[in-house]
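**Q** model this:
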Amino acid sequence: MSPGDVQPGKPGSSSTPARPKAPAQATSSLKSTPNSRGAATISENIDLVGLNMFRPWIQRDIERTETCKVDAMLQVLLQRASLDPEIKQPDLLPRCLDAVLDVCNGKTTPPGKNPDNKLHSLRIKKALEKYILPGAEGAYYAPFIEATNIAMACLENINVDGMPAASSLNIICQQSDTKNMKQGHQNQVAKRKPDVVILPFQSSRDAFPTYNMKDPEHRITGATMKPEVELPWEDVLASIEFKRKVKQGLRPPPPSYQVTDYVATNPEHCPVVSTTAATDGPATAPSGPSQTEAKQPVPDPPAERRSARLAALPQTASSNSSSKRKAEEALQSSSKRVKVNDKDPKLDVTVQTGLYAAEMFAANVAVKHLLNLIVVDNVLWVWYYDRQGIIQCSGIDFIWDLPRFMVLLYALQRFKLKDWGRNEHFKKTAKEGFLKLDIDGVDLELHTSAEERVTHYGLKGRATNVFPVTSEYLAKKYSDDPGVKKEGMVAKIFWAEEQRTSEPEILQKVEEIAETQEAVKGRVPQLLWSHKFKNPTSAVREALGVPEPEKGSRVLYIIVFRKLLPITELYGDDFFNVWRQCILCHLALWKGGVYHRDVSPPNMMYYKTKDGVLIGILNDYDLSSLATTQGPLGNERTGTVPFMALDLLSPEGQRGKVQHLYRHDLESFIWVLVWVCLRYRQGVLLPRETRPFDEWATTDAVTCGEKKSYVMINFSRYEPSDIEPRIWNLVVECVRVLQQDAYHREAFGLQHRLLPIDAEESESDIDDEQTNAEESELDMDGFLHKFTSTKSWIRLSKRLP
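**A** This is a model prediction of the structure:
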């Protein structure tokens with residue numbers, strides 16, 4: 001037996017410390033964290049999924065939209081734009097409503113840029129009178145843009161105590177529908193056409209290089225024209241999407257406007273169509289019809305190809321880059337980029353707008369939040385997106401409640417970039433594709449266009465981005481570290497849940513364990529520097545009066561690590577060596593009180609010493625927890641769906657009713673083995689047509705579990721013709737152990753459900769075995785020993801250096 005392998009019945013056989021005892025569990029019916037449902041589930045697999053597949057997942061994020069009152073939203077936006085954003089000013093909204101009345105009633109004109117009264121506020125009402133006329137949807141863009149741009153010109157000179165002058169961004173509404181806006185995501189190119197966008201005036205002017213329009217001509221005419229050049233998502237501050245449902249004309253504006261109490265629109269909130277499958281738990285859409293999402297058909301299994309090695313095994317169960325990005329390489333060459341369009345007439349307006357929000361998040365690093373607007377007939381809704389979730393306010397009837405619409409524009413006109421959600425710490429450099437930041441004297445330069453970068457696409461969740469980084473400060477600090485000097489550094493930027501123990505804290509505990517455990521020492525990521533930003537996402541929810549504002553609250557982190565290499569580059573003995581090291585490190589950490597709970601190929605890395613020795617690294621602890629923690633923390637899934645244990649992919653597991661145990665993580669290691677060995681050859685991802693299991697990354701968790709169960713029971717059908725025999729034997733024997741374990745636990749479950757025959761027989765007489773909710777070190781060692789005692793594992797271990 002190789003050093004570090006585990007024997008059953010010997011809790012200390014892996015030289016691990018006694019497990020710390022967790023305090024009594026908090027009162028809760030949840031035994032693990034329920035699985036997240038939205039685009040975060042598949043954002044790491046854009047190459048596998050394709051951007052079209054994100055639509056239903058984006059919709060799942062949108063189904064959980066929270067709501068607030070429009071006056072609460074306006075108050076928050078005004079407060080954010082004010083001169084004293086940290087000081088509450090409860091009378092700010094009433095004062096601003098009074099201040100904009102002259103604009104609403106056609107009594108103002110912007111001095112200095114209004115030849116021929118083209119920007120007189122009287123023209124706002126005239127534009128709205130055009131807007132209410134019957135016609136096709138596209139006919140409404142121009143009058144809406146004209147009314148909005150004239151209003152913002154007039155609002156520039158409205159002064160309210162506590163509010164600043166209009167921002168130097170000089171925002172403008174610009175039509176965009178007739179011009180595609182493209183953005184790359186790995187090997188995919190998204191082509192989107194939002195109806196109207198809000199962006200800086202100069203960005204709008206730059207879209208017309210052959211025109212020389214100035215105010216007011218560009219504000220009224222150019223803004224309603226098709227841009228000559230493509231508008232960059234990087235410049236878009238908000239998108240506006242229109243839908244026209246009333247075929248006849250709308251109710252005309254009133255003769256004059258005054259400040260009134262809010263009158264609810266019908267509907268008060270923009271309806272969200274639900275496609276929630278029953279196994280995913282209840283949706284919380286504010287309104288609208290509900291329907292059940294049809295499951296994707298299970299593809300036909302591959303043709304029967306019985307392996308002599310596997311066919312002889314007993315059937316024990318039956319059934320009706322130096323970054324993460326290289327862990328799942330591009331499916332197609334970069335010259336064959338897939339183009340995706342969003343103008344599907346059947347696509348709900350909330351999903352269209354959500355897709356635009358995803359593009360806006362992706363266009364800039366570490367975006368805090370976004371605003372988009374949805375306009376249906378005469379009603380406008382403000383949608384607020386951040387990594388905690390989505391909030392929409394009640395609607396504004398901008399024809400009859402023009403003052404509130406003017407206050408919205410008044411606030412947005414005074415927004416600086418940080419108020420639009422841009423992170424001011426991340427600044428552009430003279431070199432294209434680079435960002436720099438300086439925090440407490442630590443300089444960082446991020447290579448955001450590097451081939452090995454990891455980027456995120458979606459709305460909610462951690463939104464992890466990983467970029468190569470250089471730093472004079474850190475290079476000097478670690479000048480004596482040969483690994484950092486040789487391999488370089490990467491920066492991980494992500495939105496962590498506040499309720500979870502932070503990754504730096506977890507890694508501190510990991511380092512303590514590494515001091516006494518050889519299986520851990522040198523096999524965990526080397527944290528070089530970290531920083532936690534302020535302003536959690538819960539703050540805006542508290543201000544808006546959203547229930548449970550701290551549930552799922554997130555805060556931004558940046559952590560710098562030594563650069564590592566992905567395990568998927570390895571094959572044969574080298575792959576087994578690193579994979580095995582990660583398993584033994586994971587066991588020692590679990591016994592030491594650190595529960596990883598997110599085993600997947602991107603989280604298994606390695607580096608090579610100067611002597612050529614491979615050192616496996618168990619990476620990424622931002623979803624890990626400590627044994628001393630009470631109950632499941634956070635509101636985000638713990639695990640990557642294609643590699644999660646079958647118990648956790650069950651409907652009960654997805655509702656948080658199955659306790660996440662060590663054996664579940666060990667099962668994930670086996671699924672990683674299956675995934676890599678059947679999808680890669682010589683460290684290179686196989687072409688789509690010859691590799692299995694793509695659908696694991698494109699289905700919901702429960703369906704993925706069903707597909708994996710089929711594979712486990714019918715594994716002989718998946719034998720490749722060109723795999724190394726020693727590795728294939730290992731895969732086969734490990735899958736067989738999973739089969740036998742599943743059969744044993746199912747049999748035990750049936751035995752456990754036997755009913756007492758008479759009063760003399762109690763349930764304890766039937767079952768004295770341990771339940772699924774408990775797991776001792778003997779259980780852990782025993783389960784791992786089932787794998788380490790296989791002939792293939794022993795043979796491969798003997799070949800290790």
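
**Q** doesn't V672 fall inside a helix?
**A** Yes. Residue state for V672 (DSSP: H, G, I helix; E, B strand; the rest coil) corresponds to a helix.

**Q** these two touch, right, it and D598?
**A** No. Under the criterion of CB atoms under 8 Å, V672 makes no contact with D598, lying 11.4 Å away. Yep, even glycine has a C-beta here, placed from its N, CA and C like the rest.

**Q** okay, those two: which has more neighbours?
**A** Using other CB atoms under 10 Å, the more surrounded residue of V672 and D598 is V672, with 24 against 21.

**Q** Report the separation between G616 and K608.
**A** 11 Å (CB to CB, to the nearest Å).

**Q** Of those two, which one has the most company?
**A** G616 (24 against 14).

**Q** Name the helix or strand for the more buried one, please.
**A** strand 614-618 (DSSP states H and E).

**Q** Could you point out the helix or strand that follows that strand?
**A** strand 625-626.

**Q** what's the distance between the next helix-or-strand element following that next one and the middle of its chain?
**A** Sequence-wise, the next helix or strand downstream of strand 625-626 (DSSP H and E) is helix 646-649. For helix 646-649, the gap between its own C-alpha mean and the chain's C-alpha mean amounts to 21 Å (CA atoms, centre = their mean, to the nearest Å).

**Q** Just the CA coordinates for helix 646-649, please, in CSV.
**A** Provided in CSV are the C-alpha atoms of helix 646-649 (Å, rounded to 0.1, in the frame of the first residue of the first chain):
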residue,chain,number,x,y,z
LEU,A,646,-26.4,11.4,-6.9
ASP,A,647,-27.9,11.8,-3.4
LEU,A,648,-27.4,15.6,-3.7
LEU,A,649,-28.9,15.7,-7.2
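
**Q** How about whichever helix or strand comes after that helix, which residues are buried there?
**A** Going down the chain from helix 646-649, the next helix or strand is helix 651-654, by DSSP H and E. Neighbour-count burial for helix 651-654, counted by 16 or more other CB atoms under 10 Å, picks out P651, G653, Q654.

**Q** do you know how far the last one is from I617?
**A** As defined by CB to CB, Q654 lies at a distance of 30 Å from I617.

**Q** picking that back up, the strand holding G616 pairs with which strands, and in what direction?
**A** strand 604-608 (antiparallel) (DSSP bridges).

**Q** ok, and what's touching the strand it pairs with?
**A** Here strand 604-608 makes contact (CB atoms under 8 Å, 6 or more residues apart in numbering) with 483, 487, 525, 562, 564-567, 570, 578-579, 582, 614-619, 672.

**Q** Please identify the buried residues of it?
**A** In strand 604-608, counting by 16+ other CB under 10 Å, buried: M604, M605, Y606, Y607.

**Q** Stretch 570-580 now?
**A** Buried residues in stretch 570-580 (16+ other CB under 10 Å): L570, Y571, D573, D574, F575, F576, N577, V578, W579, R580.

**Q** quick one: average confidence on that stretch?
**A** Stretch 570-580 shows a mean pLDDT of 97.

**Q** What of stretch 243-262?
**A** pLDDT averaged over stretch 243-262 gives 94.

**Q** which parts of it are buried?
**A** K243, R244, L250, P253, Y257, Y262.

**Q** same thing with stretch 493-506?
**A** Quick answer for stretch 493-506 (16+ other CB under 10 Å): I493, F494, W495, A496, E497, E498, R500, T501, S502, E503, P504, I506.

**Q** Farthest pair within these?
**A** I493 and T501 (19.0 Å; CB to CB).

**Q** Report the secondary structure element holding E733.
**A** With DSSP H and E as criterion, E733 is part of helix 725-752.

**Q** so what does that helix touch, helix or strand wise?
**A** Helices and strands touching helix 725-752, as assessed by 3 or more CB pairs under 8 Å, 6 or more residues apart in numbering; DSSP states H and E, comprise helix 308-311, helix 572-591, helix 662-679, helix 701-713, helix 777-788, helix 791-798.

**Q** What residues does the closest residue in space to G522 that isn't next to it in sequence make contact with?
**A** Excluding its sequence neighbours, the residue lying closest to G522 (CB to CB, 6 or more residues apart in numbering) is I615, at 5.7 Å. Each residue near I615 by CB under 8 Å, 6+ apart is listed here: G522, R523, V578, Q581, Y606, Y607, K608, T609.

**Q** and the third one, how far is that from P482?
**A** Distance check for V578 against P482: by CB to CB, it reads 20 Å.

**Q** centre of the chain versus stretch 380-387, how much separation?
**A** 17 Å.

**Q** My understanding was that L589 contacts E512; is that so?
**A** No. Between L589 and E512 there is no contact, the gap being 10.6 Å when judged by CB under 8 Å.

**Q** Looking at the two, which has the bigger crowd around it?
**A** More crowded of L589 and E512, by other CB under 10 Å: L589, with 27 against 15.

**Q** thinking G433 is in contact with R453, fair?
**A** No. Judged on CB under 8 Å, G433 makes no contact with R453 at a distance of 9.7 Å.

**Q** List the residues that are in contact with both of the two.
**A** H447.

**Q** When the two are compared, which one has more neighbours?
**A** R453 (20 against 12).

**Q** burial of V351, as a residue count?
**A** 22.

**Q** from what I can see it touches R55, true?
**A** Yes. Taking contacts as CB under 8 Å, V351 lies within contact range of R55: 6.0 Å.

**Q** Check for me that L380 belongs to a strand.
**A** Yes. Looking at L380 with three-state DSSP, it is inside a strand.

**Q** Quick check, L77 in contact with R404.
**A** No. Contact status for L77 versus R404: not in contact, 11.4 Å apart, counting by CB under 8 Å.

**Q** thinking again about what came up before, tell me the one among the buried residues of strand 604-608 nearest to L666.
**A** When the buried residues of strand 604-608 are compared against L666 (criterion: CB to CB), the nearest one is M604, at 13.4 Å.

**Q** What's opposite the closest one in the beta bridge?
**A** L618.

**Q** Any figure for the gap between it and T788?
**A** M604 is 18 Å from T788, by CB to CB.

**Q** Okay, now the unreliable bits of the stretch 651-800 of the chain?
**A** Residues of the stretch 651-800 of the chain meeting the criterion pLDDT under 70: 749-773.

**Q** Oops, could you answer that again for the stretch 201-350 of the chain instead?
**A** In the stretch 201-350 of the chain (pLDDT under 70), the answer is 275-345.

**Q** Tell me how many other residues surround D102.
**A** 15.
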